[in-house]
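# Sequence first, then the predicted structure:
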Amino acid sequence: MNIATPHPLAVAEEGTTPRKISVFGATGSIGVSTLNLIRERRSAFQVEVLTAHRNVDLLAEQVREFCPRLVVIGDDARFQDLKDRLDGFPVEIAAGREAVIAAAREPVDWFMSSIVGAAGLAPTLAAIQTGTTVALANKESLVCAGDIMLSNVQKYGATLLPVDSEHNAIFQVLDDTQMDKVERLILTASGGPFLDRSRADMANVTREQALAHPNWDMGAKISIDSATMMNKGLELIEAVHLFPVGGDQVDIIVHPQSVIHSMVEYRDGSVLAQMGTPDMRTPISYALGWPERHAFKSERLDFRTLGSLEFRDPDPVRFPALRLAREALEAGGSAPTILNAANEVAVAGFLAGDIGFLQIAEVVERTLQKTEIIEYSEIDDIYSQDRKGREAALQVIKTLS
Ligand SMILES: NC(=O)C1=CN([C@@H]2O[C@H](COP(=O)(O)OP(=O)(O)OC[C@H]3O[C@@H](n4cnc5c(N)ncnc54)[C@H](OP(=O)(O)O)[C@@H]3O)[C@@H](O)[C@H]2O)C=CC1
Ligand SMILES: CC(=O)[C@@H](O)[C@H](O)COP(=O)(O)O
Ligand SMILES: [Mn+2]
């Protein structure tokens, strides 16, 4: 692939060169929010690569607006459709999983990792290996292969910027020169749409009810993870990789308003929190501007009308996913990879109507019980553990339905 000169639309802000940017998972909730922010400061950025999996409609529209040099559709079957839609438009078009990974090796200044699920791992790792700055929304890659990703960040001199709202909050308030003074990190959890439902009720919730997050507008998979609270379990594992703390230093507290996005408690009792309205453009903007802080016209917190902020302990009986994630973290080795794989299969099964809501955690638990956990050192071990976890979870689902 040849490296093109800056697109005519990407005229630099006075005295600066546009930053070259790739957005992987451009058609998703995070991808669209990222492009919204880029649209606001269009001249500061030159979009190099956009990728999506199936949504050719939106991807083609994004290509026409942001004029990347390369566009990749993950699903090969949609290649011709994308080509037809972009007929005559000056952009290189590719398709398939390998093309997505190859595109992640294109040199850029800033890479948004916003593919959902373990499918984001190989492209994110490829981007890290170019030594670029990676804004990481794709938490599943850290859950599956956190050690390998972080050692690659060191080896290739890359920079990893947390985008997940809780980890971005901690990143904003954590003084890394004072790590020995940190008592604990406190991750806040909204509790999702079923915070006050009984377990009996939760057995019968519909797909639509589970997708209706009370505070955040997100993609389907993470919305279901929030409803089971597996999202907070994945975030616990994510935190242990991103910050130099053990799992026992990461506390989880339910905070239904999602106003405090997370906190750091220091040894002198001081607690530093990052707050804001629930809008992912705030953490994305922070990562996009880092190390500077750019202006972003978010809806502001109005403390006069906010009312009270509540905090509760998570309920381990109604939300067993949290326990499963903590156990997988403690078990170590490939346990988090198996947990993630089983969860992805179970969430897809629930969305397809094959299993009930409470069976999501059941599938994860049974898959972990029947799968051998290995110590790993190579990324290929992770890919094969991911496959094994998926196969085992599919088998478990067959026994349930
Ligand atoms: N949404 C949010 O507010 C937050 C999200 N995150 C994390 O960010 C990531 C993205 O979440 P979100 O934006 O909600 O997800 P969405 O489902 O909205 O978007 C996912 C994106 O990934 C693409 N994609 C899906 N499967 C594949 C695949 N197999 N190969 C390549 N691309 C694929 C989709 O393409 P297409 O649509 O074209 O099929 C889409 O562009 C997740 O890891 C999530 O946990 C973290 C914090 C908050
Ligand atoms: C916006 C974001 O970061 C999500 O991961 C969010 O945390 C989901 O809300 P829950 O707290 O309900 O999981
Ligand atoms: Mn989060």
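Yep, that arrived. Ligands and ions are numbered 1, 2, ... in the order given.

# need the helices for the stretch 101-250 of the chain, in chain order.
Under the criterion DSSP state H, counting those that start in this stretch, the stretch 101-250 of the chain carries helices at the ranges 121-128, 139-156, 165-173, 199-202, 207-211, 220-228, 230-242.

# can you give me the angle the first one makes with helix 139-156?
Right, the one you point to is helix 121-128. For helix 121-128 against helix 139-156, the angle between stretch directions is 30 degrees (axes from the mean of the first three to the mean of the last three C-alpha atoms, to 10 degrees).

# residues in contact with helix 121-128?
For helix 121-128, contacts defined as C-beta atoms under 8 Å, 6 or more residues apart in numbering pick out 22, 24, 51, 97, 100-105, 108, 111, 113, 115, 134, 136, 138, 140-141, 144-145, 148-149, 152-153, 156, 158, 160, 379, 382-383. For glycine as for every other residue, the C-beta is placed from the backbone atoms N, C-alpha and C.

# packing partners for the host helix or strand of Glu327?
Assignment of secondary structure by DSSP states H and E places Glu327 within helix 320-331. Counting by 3 or more C-beta pairs under 8 Å, 6 or more residues apart in numbering; DSSP states H and E, the packing neighbours recorded for helix 320-331 are helix 230-242, helix 335-351, helix 359-370.

# how about these in a markdown table, adding mean pLDDT and distance to ligand 1?
Formatted as a markdown table, the helices and strands packed on helix 320-331 follow (pLDDT from 0 to 100; distance: least, C-beta to the nearest ligand atom, whole Å):
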| stretch | mean pLDDT | distance to ligand 1 |
| --- | --- | --- |
| helix 230-242 | 98 | 7 |
| helix 335-351 | 99 | 10 |
| helix 359-370 | 98 | 15 |
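
# Which one of these lies nearest to ligand 3?
Of all the helices and strands packed on helix 320-331, helix 230-242 sits nearest to ligand 3, with 5.5 Å by C-beta to the ion.

# Nearest residue to the residue in the stretch 101-250 of the chain that ligand 3 sits nearest to in space, please, no chain neighbours.
Of the residues in the stretch 101-250 of the chain, the one nearest ligand 3 is Asp164, at a distance of 4.3 Å by C-beta to the ion. Across the structure, with C-beta to C-beta, 6 or more residues apart in numbering as the measure, the residue nearest Asp164 apart from its sequence neighbours is Lys139 (5.5 Å).

# thinking again about what came up before, show me the contacts of helix 121-128 that map onto strands.
Among the contacts of helix 121-128, the subset assigned to strands under DSSP state E consists of 22, 24, 51, 111, 113, 134, 136, 160.

# Need the residues you listed in a markdown table (columns: distance to ligand 3 and neighbour count).
Formatted as a markdown table, the ones in strands among the contacts of helix 121-128 follow (distance: C-beta to the ion, whole Å; neighbours: other C-beta atoms under 10 Å):
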| residue | distance to ligand 3 | neighbour count |
| --- | --- | --- |
| Ser22 | 22 | 28 |
| Phe24 | 18 | 31 |
| Thr51 | 22 | 26 |
| Phe111 | 20 | 30 |
| Ser113 | 14 | 28 |
| Val134 | 17 | 28 |
| Leu136 | 12 | 26 |
| Leu160 | 16 | 21 |
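
# residues near the residue nearest to Asp164, how many?
29 (other C-beta atoms under 10 Å).

# Verify the contact between it and Val163 for me.
No: proximity of Lys139 to Val163 does not meet the contact threshold set by C-beta atoms under 8 Å, at 9.0 Å.

# what's the farthest-apart pair in the ones in strands among the contacts of helix 121-128?
With C-beta to C-beta as the measure, no two of the ones in strands among the contacts of helix 121-128 lie farther apart than Thr51 and Leu160, at 19.3 Å.

# So which bits of this protein are right by ligand 3?
Remark: the part of the chain in contact with ligand 3 comprises 164-166, using C-beta under 5 Å from the ion.

# out of these, who's near ligand 2?
The subset of the residues of the chain next to ligand 3 within reach of ligand 2, by C-beta under 6 Å from any ligand atom, is 164-166.

# Spell out for me the ChimeraX command that would select the buried members of the contacts of helix 121-128.
Per 16 or more other C-beta atoms under 10 Å, the buried members of these correspond to this ChimeraX selection:
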select :22,24,51,100,101,102,103,104,108,111,113,115,134,136,138,140,141,144,145,148,149,152,153,158,160,379,382,383
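
# Ligand 1 next: which of the contacts of helix 121-128 are close?
The overlap between the contacts of helix 121-128 and the neighbourhood of ligand 1 (criterion: C-beta under 6 Å from any ligand atom) consists of 100, 115, 138, 140.

# dump the residue contacts of Glu106.
Taking C-beta under 8 Å, 6+ apart as the contact definition, Glu106 lies against 1, 22, 48-49, 70, 130.

# which of these tops the neighbour count?
Taking other C-beta under 10 Å to define a neighbour, the member of these with the most is Ser22, carrying 28 neighbours.

# isn't it right up against Ser114?
No: contact between Ser22 and Ser114 fails when scored by C-beta under 8 Å: they sit 10.4 Å apart.

# contacts for stretch 215-222?
Judged by C-beta under 8 Å, 6+ apart, the contacts made with stretch 215-222 from elsewhere in the structure are 28-30, 116-117, 190, 211, 223, 226, 231, 257-258, 278, 280, 344, 347, 351.

# Quote the end-to-end distance of it.
Distance across stretch 215-222, first residue to last, is 13 Å (C-alpha to C-alpha, to the nearest Å).

# same thing with stretch 329-338?
Using C-alpha to C-alpha, the span of stretch 329-338 from its first residue to its last is 11 Å.

# Mind listing residues that contact it?
By C-beta under 8 Å, 6+ apart, the surrounding residues in contact with stretch 329-338 are 118, 143-146, 236-237, 240, 247, 325, 327-328, 367-368, 371, 373-376, 381-382, 385-386, 388-389, 392.

# ditto for stretch 83-99
Around stretch 83-99, the neighbours that count as contacts under C-beta under 8 Å, 6+ apart are 1, 56-57, 60, 63-64, 67-76, 78-79, 82, 102-103, 119, 122.

# for it, the distance to its chain's centre please.
In this view, stretch 83-99 has its centroid 26 Å away from the chain centroid, taken as C-alpha atoms, centre = their mean, to the nearest Å.
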